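Q: pasting a predicted model and its sequence here:
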Number of protein chains: 2
Amino acid sequence: MSIPQKKLTIGLFGFGVVGTGLYTVLQQTPSLNAEIKQVCIKHPEKKRSAPESLFTTDATALLEDAEINVIVELIDDADAAYHIVKHALTAGKAVVSANKKMIAEHLQELLDLQAKYNVPFLYESACCASIPVVRNLEEYYDNDLLQSISGIVNGSTNFILTRVFQDKIGFDEALLHAQAEGFAESNPVLDVEGIDAVNKLSILLNHAYGIVANPKKIVHTGIQNLDSHDATFAKEKGYEIKLVAQAKKLDNGEVAAFVLPQFIDPTNQLYNVRNEYNGVIIESGFADKQFFYGKGAGSLPTASAVLSDISALRYDYKYEYKKLHSSNRPVLTNDFLLRVYVRFEGLFQVPHERFERIEEWSSSEKRCYVIGVIKFNKLVDNNWWKKKGTSLVVLPDAFADGVEEKESVAEELLAVV
Amino acid sequence: MSIPQKKLTIGLFGFGVVGTGLYTVLQQTPSLNAEIKQVCIKHPEKKRSAPESLFTTDATALLEDAEINVIVELIDDADAAYHIVKHALTAGKAVVSANKKMIAEHLQELLDLQAKYNVPFLYESACCASIPVVRNLEEYYDNDLLQSISGIVNGSTNFILTRVFQDKIGFDEALLHAQAEGFAESNPVLDVEGIDAVNKLSILLNHAYGIVANPKKIVHTGIQNLDSHDATFAKEKGYEIKLVAQAKKLDNGEVAAFVLPQFIDPTNQLYNVRNEYNGVIIESGFADKQFFYGKGAGSLPTASAVLSDISALRYDYKYEYKKLHSSNRPVLTNDFLLRVYVRFEGLFQVPHERFERIEEWSSSEKRCYVIGVIKFNKLVDNNWWKKKGTSLVVLPDAFADGVEEKESVAEELLAVV
């Protein structure tokens, strides 16, 4: 018995390090039964490690070639990527993309296009590069017992935070290191301000809970306001700070979601996720906590995920978005309480009116901070906590206080048996 | 748009803690569209937390009920399980099983039955309980770039080793602890001697490489011969000992596979896998190392995997065994060199004729050991290394010496780009 495999004829957009690697592997691995027919590039004058006849600058040549049944899109420009993907899906071609920004910002439309033209659109590499988190949420955690996802999904900021905590250097210096090592863009705003992470969270929310949310509407920040006082506080308590993308089903069945810096204690699996690595904890009814770890940035891990998507297309795999079509799809909420640390400037400027309850505050000439419980809604309505000189970091037992946690199915079961 | 979901009518074998939990969750989760119609049990006199009408002792009543389209088999007895599964598949019913021993020992026949009757047979819970390793090998790492799998797949032995290294107690005492905590059977031979682990490795080999191997033919041992001298040696070198199931593609494309105790250094992700947890490292061409971690033993993690399998049946999911049907399926080999530590008894009894090369030996009245390179074949031919008083532990860079490692695709690519 042999499983029928589709012959894939690929039109590739972009021939950077990921595209080049992909080309090499597909050539060396005939068993994949996939061939790159043509590559669309922007700069024909660059020297390439492939025959000249492979290249074109004419996107339409690929998109309207009836023989090409798969478009692989590996370009930086999110707007150009959007038009390529839209054109390809409309033309009935399967698409593989790594562009999280483009996918997150056009999620609803891309879902509609897939449904309308009934073509696969795969993008495992857009979330955590080599970690198969999209596929696992889609296929394995496909029932409604998923309690939370919590992950380090941006390699650049994690590299910076690792330098701050391991090498005990300042945030500015750490950013320079990250840039020198190629782990941060020369304009690092997308990474450092949490935009890349919230784009990924938006994609994950769809596969985890069937929620389609504009990333701009999800509360997020990055590590841009953290400073050495925050690092010192963390070290005193035995924590590290990580930028965490989190989604959690609350007691009422609604879902809380945000990207915020968090204090992580050593018992948390995310504590040991360092440098450019990513890690994701998935908590579900029975399985307790599961942890997925792997390289979250870099050309090869990205190529790995792209290759797995291409490989899946041989068997006509597509995301079924089961949770999106489920009758009891949960909704996002901002109506919950969160335990946070807020550092502020001005010795007598305790922002107490922001808090429902204050557990601790400390004001000295060196540093001022408050620990307490806030209404999450107050972060949505107002950007006071993002202002320069203020930093907000989520505490380890963020939901424990004042918010009743959903009694876990595990506990319910233990009561039964 | 709504995805068509099959209504599942389940016949359940076994109503222990996993079965009971499953029953509860399915009752509480109508969206799963799955109902347990009848439960076959062995001891009708036991008090059960479900209506009496649900139970029967007549297996045929379930297996020949045309309305039942799914058999979930959660019994201990591997022989009885085999007959149930065979009967069910032959009758065209989908089957979910957690019985690794039964699956590993009857793998070829079960593959044939699935092919012949074209019915799904899912068994995610049989390997590493809650960690979706079978599904990921099957679906995500489905090309031929998989370099190695290396995992802690038995929770009981890992619990014992954790006690030895963390609590600094002896192996015998640690086993008693494990039994007291319910992590080891009263007859712990299956766990302690590595039989459970090699059963799981046999299942993983199929999904990783398309190799069907009788677990009895795979070199394996457990932790039964380890003693405090081995633990002391490990601590001196900064290692811990773990029982590791490993499969690795060698330079020539053939696959080495074994279950042996290994010295693990702190840079290895398996180092931090403790107690009843399992962890699996999957190394593939591009993605570098990926690590999956979760609870590998216990009723709830097992139930979690069973539930995911049931959930997948709603969409008629089945393993496609793509690698089994691939034209370039690798074969198992015992023809390779391995770096090991061997502790032996008898001051002047250095087993030097077993080694190709000896790197270090130490003989004193307290302990005698050799470190060197052996031909793996010599472990297959002869059981000298399993004798009482002798222990063999694989060293961290096991394949590095004398065995050329396959140049990784990643390196090849870096050379290209």
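A: On my side now, so go ahead.
Q: mind checking pLDDT for the residue of the stretch 51-200 of chain A found nearest chain B?
A: For the stretch 51-200 of chain A, the residue closest to chain B is A:Ser130, as judged by C-beta to the nearest C-beta, at 3.7 Å. Every residue, glycine included, has its C-beta placed from N, CA and C. Listed pLDDT for A:Ser130 reads 84.
Q: swap in A:Asn225?
A: 94.
Q: identify the residues contacting A:Ser304.
A: Residues near A:Ser304 by C-beta atoms under 8 Å, 6 or more residues apart in numbering or on different chains: A:125, A:129-130, B:284-288.
Q: which element is A:Val393 on?
A: strand A:391-394 (DSSP states H and E).
Q: what is that strand packed up against?
A: Packing partners of strand A:391-394 (3 or more C-beta pairs under 8 Å, 6 or more residues apart in numbering or on different chains; DSSP states H and E): helix A:228-237, strand A:255-264, strand A:337-344.
Q: so which of those is the most packed in?
A: strand A:255-264 (a mean of 24; mean count of other C-beta atoms under 10 Å in any protein chain shown).
Q: what's the neighbour count on the residue of the stretch 51-200 of chain A closest to chain B?
A: 30 (other C-beta atoms under 10 Å in any protein chain shown).
Q: output stretch A:93-110 in CSV with nothing but the alpha carbons.
A: C-alpha atoms of stretch A:93-110 as CSV (Å, rounded to 0.1, in the frame of the first residue of the first chain):
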residue,chain,number,x,y,z
LYS,A,93,-3.2,27.7,-5.1
ALA,A,94,-2.1,26.4,-1.7
VAL,A,95,-0.1,28.9,0.3
VAL,A,96,2.7,28.6,2.9
SER,A,97,3.6,31.9,4.6
ALA,A,98,5.9,32.9,7.5
ASN,A,99,4.6,36.4,7.8
LYS,A,100,2.9,36.7,11.2
LYS,A,101,2.3,40.5,10.9
MET,A,102,0.4,40.0,7.7
ILE,A,103,-1.6,37.0,8.9
ALA,A,104,-2.5,38.6,12.3
GLU,A,105,-3.6,41.8,10.7
HIS,A,106,-5.7,40.2,7.9
LEU,A,107,-6.9,37.1,9.8
GLN,A,108,-10.6,37.4,9.2
GLU,A,109,-10.2,38.0,5.5
LEU,A,110,-7.7,35.2,5.1
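Q: relative to the whole chain's centre, how far out is it?
A: Put simply, stretch A:93-110 sits 13 Å off its chain's centre (C-alpha atoms, centre = their mean, to the nearest Å).
Q: now that stretch: average pLDDT?
A: 96.
Q: so in chain A, where's the weakest helix or strand by average pLDDT?
A: Across the helices and strands of chain A, mean confidence by mean pLDDT, DSSP states H and E is lowest for helix A:409-416: a mean of 42.
Q: confidence score at the residue nearest the centre of chain A?
A: Centroid-nearest residue in chain A: A:Lys200, 2.7 Å away (criterion: C-alpha atoms, centre = their mean). Predicted confidence (pLDDT) for A:Lys200: 97.
Q: ok, back up a step: adding distance to B:Asp196 and secondary structure, write the contacts of A:Ser304 out as JSON lines.
A: Putting the contacts of A:Ser304 into JSON lines (distance: C-beta to C-beta, whole Å; DSSP: H, G, I helix; E, B strand; the rest coil) gives the following:
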{"residue": "A:Ser125", "distance to B:Asp196": "36", "secondary structure": "helix"}
{"residue": "A:Ala129", "distance to B:Asp196": "34", "secondary structure": "coil"}
{"residue": "A:Ser130", "distance to B:Asp196": "30", "secondary structure": "coil"}
{"residue": "B:Ser284", "distance to B:Asp196": "26", "secondary structure": "strand"}
{"residue": "B:Gly285", "distance to B:Asp196": "30", "secondary structure": "coil"}
{"residue": "B:Phe286", "distance to B:Asp196": "32", "secondary structure": "coil"}
{"residue": "B:Ala287", "distance to B:Asp196": "28", "secondary structure": "coil"}
{"residue": "B:Asp288", "distance to B:Asp196": "29", "secondary structure": "strand"}
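Q: can you put the residues you listed in a markdown table and add distance to A:Ala98?
A: Shown next, in a markdown table, are the contacts of A:Ser304 (distance: C-beta to C-beta, whole Å):
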| residue | distance to A:Ala98 |
| --- | --- |
| A:Ser125 | 4 |
| A:Ala129 | 8 |
| A:Ser130 | 12 |
| B:Ser284 | 17 |
| B:Gly285 | 17 |
| B:Phe286 | 13 |
| B:Ala287 | 14 |
| B:Asp288 | 17 |
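Q: picking that back up, tell me which element the residue nearest to the centre of chain A is part of?
A: Using DSSP H and E, the element containing A:Lys200 is helix A:195-209.
Q: which helices and strands does that helix pack with?
A: Counting by 3+ C-beta pairs under 8 Å, 6+ apart, helix A:195-209 packs on helix A:100-105, helix A:107-117, helix A:133-139, strand A:146-152, strand A:240-249, strand A:255-264.
Q: nearest to B:Thr9, out of the ones you listed?
A: Closest to B:Thr9 of these is helix A:133-139 (C-beta to C-beta; 23.0 Å).
Q: helices and strands around that closest one, which ones?
A: Counting contacts by 3+ C-beta pairs under 8 Å, 6+ apart, helix A:133-139 packs against strand A:146-152, helix A:195-209, strand A:277-284, helix B:133-139.
Q: so can I have a markdown table of these showing distance to B:Leu176?
A: Listed next are those as a markdown table, based on distance: least, C-beta to C-beta, whole Å:
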| stretch | distance to B:Leu176 |
| --- | --- |
| strand A:146-152 | 35 |
| helix A:195-209 | 42 |
| strand A:277-284 | 32 |
| helix B:133-139 | 30 |
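Q: so A:Ala303 makes contact with A:Gly16?
A: No - A:Ala303 is not in contact with A:Gly16 according to C-beta atoms under 8 Å; the separation is 10.3 Å.
Q: more neighbours: which of the two?
A: The neighbour comparison of A:Ala303 against A:Gly16 (other C-beta under 10 Å) goes to A:Ala303, with 30 against 14.
Q: the more buried one: what secondary structure?
A: Under the three-state scheme (DSSP: H, G, I helix; E, B strand; the rest coil), A:Ala303 adopts helix.
Q: which pLDDT value goes with it?
A: We have a pLDDT of 85 for A:Ala303.
Q: what does the stretch 151-300 of chain A have sitting close to chain B?
A: A:269, A:272, A:284-295, A:299-300 (C-beta under 8 Å from any C-beta of the partner chain).
Q: right, and A:His177 touches A:Thr162 too?
A: No - counting by C-beta under 8 Å, A:His177 does not reach A:Thr162; the two are 9.8 Å apart.
Q: these two: who's more crowded?
A: Neighbours per residue (other C-beta under 10 Å) separate A:His177 from A:Thr162, with A:Thr162 holding more: 20 against 17.
Q: surely that one and A:Arg274 touch.
A: Yes - A:Thr162 is within contact range of A:Arg274, at 4.5 Å (criterion: C-beta under 8 Å).
Q: does chain B sit close to the helix or strand where A:Glu35 lies?
A: Element membership for A:Glu35 (DSSP H and E) is strand A:34-40. No - legend: contact between strand A:34-40 and chain B by C-beta under 8 Å from any C-beta is lacking; minimum distance shown is 9.7 Å.
Q: buried sites along that strand?
A: Buried residues in strand A:34-40, counted by 16 or more other C-beta atoms under 10 Å in any protein chain shown: A:34, A:36-40.
Q: show residues contacting the helix or strand following it.
A: Next in sequence after strand A:34-40, counting helices and strands by DSSP H and E, comes strand A:55-56. Identification of contacts with strand A:55-56 by C-beta under 8 Å, 6+ apart yields A:15, A:38-41, A:44, A:48, A:62.
Q: at 6 Å what do you get?
A: For strand A:55-56, the external contacting residues (C-beta atoms under 6 Å, 6 or more residues apart in numbering or on different chains) are A:38-41.
Q: are any of the residues of the stretch 151-300 of chain A next to chain B buried, and which?
A: Listed as buried from these are A:269, A:284-295, A:299-300; burial here means 16+ other C-beta under 10 Å.
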